[in-house]
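Q: Everything below, folded, please.
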Amino acid sequence: MRGRPALHPLHPLSAEEVQLAAAACRSHAARLQLPPLRYNTITLQEPPKQQLLAYESGQVLSLPRLAFCILQTPPEFAFYEALVDLRSHVSTSAVVSWVKLNGSQLDGQPLATPDDCLLAEAIARDDPQVQQMVAARGVSFSAVACDPWAIHACPDEWMGRRLMQVFMYYKDGPDDNEYAHPMDLCPVVDLNEKKVIHVDAYPTPPKIPLKKANYHRQLLDKPFRPPAKPLMITQPQGPSFKVNGHHITWQKWDFRIGFNGREGLVLYDIGYRDEDQGGRRRSVVHRASIVEMCVPYGDPRPPYNRKSALDAGDYGLGFAANSLELGCDCLGEVTYFDGVVSDAAGEPVIIKNAVCLHEEDHGLLWKHLDYRTGYAEVRRGRRLVVSFIMTAVNYEYCFYWYLYQGGTVGCDIKLTGILSTSLLSPDEKQPSHGTLVGAGVNAAHHQHLFSARLDLVVDDEQGGKDLVVCELNAQQQPTGPSNPAGNGFICQETELTTVHQAQRTAAPELNRVWRIKNPGKQHPHSGQPIAYHLYPAQGPCLLAQPDSAVAKRAFFTTKNLFVTPYQDGQLYPAGQYVFQSQNDTGLKQWTQEDRSLLGADPVLWYTFGVTHFVRPEDYPVMPCDQIGFLLKPVGFFVCNPAIDVPPEDPAHSAGDCCNAAGAAGSSKLPDVSSDIMSRL
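A: Residues are numbered from 1 along each chain as shown. Modelled structure (predicted):
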């Protein structure tokens, strides 16, 4: 019998596979006599879910391995979607699908790659009018930095073009912080025609703030404080996790990771080996990732009202991933995974150390001290961390996925980097929608709203098909015959059985959580269905008006929770193509019909984020802010699954650990009452 292929169907594309896919598309385009291709995206086409489930269960031994390619032929305002069979050895026959899409008939375009962003800056720099306007402000053009942004709320007269806007700053040297010196100029460039079509500028050239505000270690205007004493993170016996390709096992958990240009890190098939069920592996999550983020700015004045990034769909979280460094971005015994994306020429771009895997101490896992005997049992917790960091021009977003020994799955996002600054508008003395962080330097208030796509399984034999999503609210009981002392309160559960009913917002005052339960399996003692709870973060949804451009483009930002029936290909909540879009072609369309969620393999789309009313302390570089959520087991395990975590070895600590001297316990309880009476 033939064995399974060497590569798992979800293994990210290799550099060689990117080259193979590019060559196949190039040959196919030549046969069609098309102009030279500009490669936008070359990524893995994930197999349909039912095929993956059949593969994981051993019903099939192999699946097709396809690359999904997005191709452009500028200056034509159109693009192509191609599927390439990576198992084919003949490049001309490897293209199994080739579809042309007319840009003017779509609401949105392919994302702006790093090459597109560099092209936008080059176009702006080469424009004579822009050069003259910079000179009129008394600045050498060689000392100008350009930040390329996708255009939000694109005016009707600009539609039918592939555009970017370029916010300009004065930069006094290669390491100077340009965001301390904002300018009023914002050229708008056409990437296909390679020209500037418009320049936003104040009526009168304003004074550019020149006071420096640097963070570079060589340019700080104050000395470093005395350093903290060394804190060493060592694991002399190595890490507790094991890695086989992109498959990871750790502390009864196992899962697979992927990486692509749009989402960055993806987690697949998270499962837990349950000793109370004979060591059976129980699947918890089929697929989880951050699929979109929206950063709407609150300044209503042009051109700043055109600032609202959809970073995953506009630029790609993975395309902008950092190469991580040991001791700075990650600590301890670290395993790195490279990320492979592609450039405009169809060549692979290898992001070294794009994903970091390590475990870390997480404080107390559980503890109890018996006050009668003075004996304590204590366990310290570990958690496994899988992370990547991306830079969106000025901001850094640090994405961390956690697995805990107690069966919890978590996700945190840290936000740091530099504020996107501007001058005050000509009619402003003080910013009405921002904060002055330096003399004449305005930082507008804004939000960071993330969308997590969570396809849970919760030990359902059909990959989550029969899961039911519920809402739980704390409910006070009125004083009365059934509650005479007035102290009663209950947890009220409501099943969310249709798409419209499942559009929800967080309510911390009600301790609101969302339960994802498996009615086919019950806890042996509570009798309730096994479940996982989604514990939401605090903070508002979108603060812009319902009829605003951002609400129309990013419907996912208007609620904390959406639930939809599973459908292959529905991965991105604002739609497949959001660059320069005007309408949402994702959740807004998928939720128009109030379909049933029962037996529909429900997928959760969870929106959470940070509302950033800027502080002066966020400047010149921002201390990390943090937001996240947890998926916690509820009745999924018979009892605390971390009860079997062994005590720490005192030899691994600087002092006595976990009451090791008294670990044998006591066979006889002390006479507590006699002791108390003798002291009274």
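
Q: Only C-alpha atoms from now on, for both contacts and neighbour counts.
A: Noted.

Q: Now the longest helix belonging to the chain: buried residues?
A: Longest helix of the chain, by residue count under DSSP state H: helix 15-31. Buried residues in helix 15-31, counted by 16 or more other Cα atoms under 10 Å: 15, 17-29.

Q: Do a quick rundown of the helices in the stretch 251-400 of the chain.
A: Listed in chain order, the helices of the stretch 251-400 of the chain (DSSP state H, counting those that start in this stretch) span 311-314.

Q: Dig out what L415 forms beta bridges with.
A: Y397, D625 (DSSP bridges).

Q: these two touch, right, it and F399?
A: No - counting by Cα atoms under 8 Å, L415 does not reach F399; the two are 9.0 Å apart.

Q: What count of nearby residues applies to T611?
A: 18 (other Cα atoms under 10 Å).

Q: Work out for me the element the residue nearest to it when sequence neighbours are not counted sits within.
A: The shortest distance from T611 to any non-neighbouring residue, by Cα to Cα, 6 or more residues apart in numbering, is to Q447 (4.4 Å). If you go by DSSP states H and E, Q447 is part of strand 446-456.

Q: any idea how far that strand is from the chain center?
A: 7 Å (Cα atoms, centre = their mean, to the nearest Å).

Q: mean confidence for it?
A: Strand 446-456 comes out with an average pLDDT of 98.

Q: could you say what helices and strands it packs with?
A: Under the contact definition 3 or more Cα pairs under 8 Å, 6 or more residues apart in numbering; DSSP states H and E, strand 446-456 sits against strand 280-296, strand 602-612.

Q: outside of the last one, which residues touch it?
A: Residues external to strand 602-612 that are found in contact with it (Cα atoms under 8 Å, 6 or more residues apart in numbering): 445-456, 464-465, 467-469, 536-541, 556-557, 559-566, 573, 626-628.

Q: Tell me where the model's unsure across the protein.
A: For the chain, applying pLDDT under 70 flags the ranges 1-4, 89-93, 652-680.

Q: Name the residue closest to the centre of it, please.
A: I290 (3.3 Å; Cα atoms, centre = their mean).

Q: Around the residue nearest to that residue when sequence neighbours are not counted, count how many other residues there are.
A: Leaving aside its sequence neighbours, I290 sits nearest to A452 (Cα to Cα, 6+ apart; 4.4 Å). For A452, the tally of surrounding residues (other Cα under 10 Å) stands at 21.

Q: OK, contacts around A452?
A: Per Cα under 8 Å, 6+ apart, neighbours of A452: 288-292, 604-607.

Q: switch the cut-off to 10 Å
A: Contacts for A452 (Cα atoms under 10 Å, 6 or more residues apart in numbering) come out as 288-293, 411, 561, 572-573, 604-608, 629.

Q: swap in D568?
A: Per Cα under 10 Å, 6+ apart, neighbours of D568: 46-50.

Q: what's the closest of these to A112?
A: E46 (22.2 Å; Cα to Cα).

Q: quick revisit: what is the longest helix of the chain packed up against?
A: Judged by 3 or more Cα pairs under 10 Å, 6 or more residues apart in numbering; DSSP states H and E, the packing partners of helix 15-31 are strand 38-45, strand 66-72, strand 78-85, strand 95-102, strand 335-342, strand 348-370.

Q: buried sites along stretch 156-174?
A: Result for stretch 156-174 [16+ other Cα under 10 Å]: buried residues 161-172.

Q: For PyMOL, write a command that selects the buried ones of the contacts of strand 602-612.
A: In PyMOL syntax, the buried subset of these is picked out as below (16+ other Cα under 10 Å):
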select buried, resi 445+446+447+448+449+450+451+452+453+454+455+456+464+465+467+468+469+536+537+539+540+541+556+557+559+560+561+562+563+564+565+566+573+627+628
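
Q: I'd say the residue nearest to the centre of the chain and Y397 touch.
A: No - counting by Cα atoms under 10 Å, no contact exists between I290 and Y397, whose distance comes to 11.5 Å.

Q: can you list residues touching both of these two?
A: In contact with both I290 and Y397: 317, 413, using Cα under 10 Å, 6+ apart.

Q: And for N40, the neighbour number?
A: The burial count for N40: 23, using other Cα under 10 Å.

Q: hang on, it packs against A112?
A: Yes - using Cα under 10 Å, N40 is in contact with A112, at 7.9 Å.

Q: ok, back up a step: shared neighbours of L415 and F399, which are they?
A: Joint contacts of L415 and F399 (Cα under 10 Å, 6+ apart) are I389.

Q: circling back to that earlier point, which residues does the residue nearest to T611 contact?
A: Each residue near Q447 by Cα under 10 Å, 6+ apart is listed here: 293-298, 308, 540-544, 609-613.

Q: Over to A15?
A: 339-342, 347-350.

Q: Just the buried residues of these.
A: Here, 16+ other Cα under 10 Å leaves 339-342, 347-348 buried among the contacts of A15.

Q: Just the endpoints, please. Distance across stretch 435-452?
A: Using Cα to Cα, to the nearest Å, the end-to-end distance of stretch 435-452 comes to 30 Å.

Q: How about stretch 589-605?
A: With Cα to Cα applied, stretch 589-605 spans 14 Å between its terminal residues.

Q: again, but for stretch 77-97
A: End to end - Cα to Cα - stretch 77-97 spans 20 Å.

Q: Pull out the buried residues from that stretch.
A: In stretch 77-97, counting by 16+ other Cα under 10 Å, buried: 77-80, 82-86, 91-92, 94-95.

Q: Equivalent analysis for stretch 119-126, please.
A: 119-121, 123-125.

Q: which residues in the stretch 101-250 of the chain form strands?
A: 144-149, 163-170, 186-190, 195-200, 242-244, 247-250 (DSSP state E, counting those that start in this stretch).

Q: hang on, isn't P75 packed against G103?
A: No - the pair P75 / G103 is not scored as a contact, 11.6 Å apart, by Cα under 10 Å.

Q: Tell me the residues that contact both of those two, please.
A: In contact with both P75 and G103: 161-162, using Cα under 10 Å, 6+ apart.

Q: the more surrounded of the two?
A: Set P75 next to G103 and count neighbours by other Cα under 10 Å: G103 wins out with 18 against 14.

Q: Tell me the spacing between the nearest residue to E16 once chain neighbours are set aside and N518.
A: Here the nearest residue to E16 in space, its sequence neighbours aside, is P348; by Cα to Cα, 6+ apart that works out to 7.8 Å. Distance, P348 to N518, by Cα to Cα: 43 Å.

Q: With Q570 instead?
A: In terms of Cα to Cα, Q570 sits 23 Å off from N518.

Q: When those two are compared, which one has more neighbours?
A: N518 (24 against 16).

Q: Can you tell me the SS state at the more buried one?
A: strand (DSSP: H, G, I helix; E, B strand; the rest coil).

Q: Contact partners for it?
A: 457-461, 464-469, 528-532, 636.

Q: go with 7 Å
A: Shown in contact with N518 (Cα atoms under 7 Å, 6 or more residues apart in numbering): 458, 460, 466-468, 529-531.

Q: and what of S283?
A: Per Cα under 7 Å, 6+ apart, neighbours of S283: 269-272, 457-459.

Q: now with 8 Å?
A: 269-272, 457-460.

Q: Output those in JSON lines; the columns should cover distance to L63.
A: Shown next, in JSON lines, are the contacts of S283 (distance: Cα to Cα, whole Å):
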{"residue": "D269", "distance to L63": "17"}
{"residue": "I270", "distance to L63": "20"}
{"residue": "G271", "distance to L63": "22"}
{"residue": "Y272", "distance to L63": "25"}
{"residue": "V457", "distance to L63": "21"}
{"residue": "V458", "distance to L63": "25"}
{"residue": "D459", "distance to L63": "24"}
{"residue": "D460", "distance to L63": "23"}
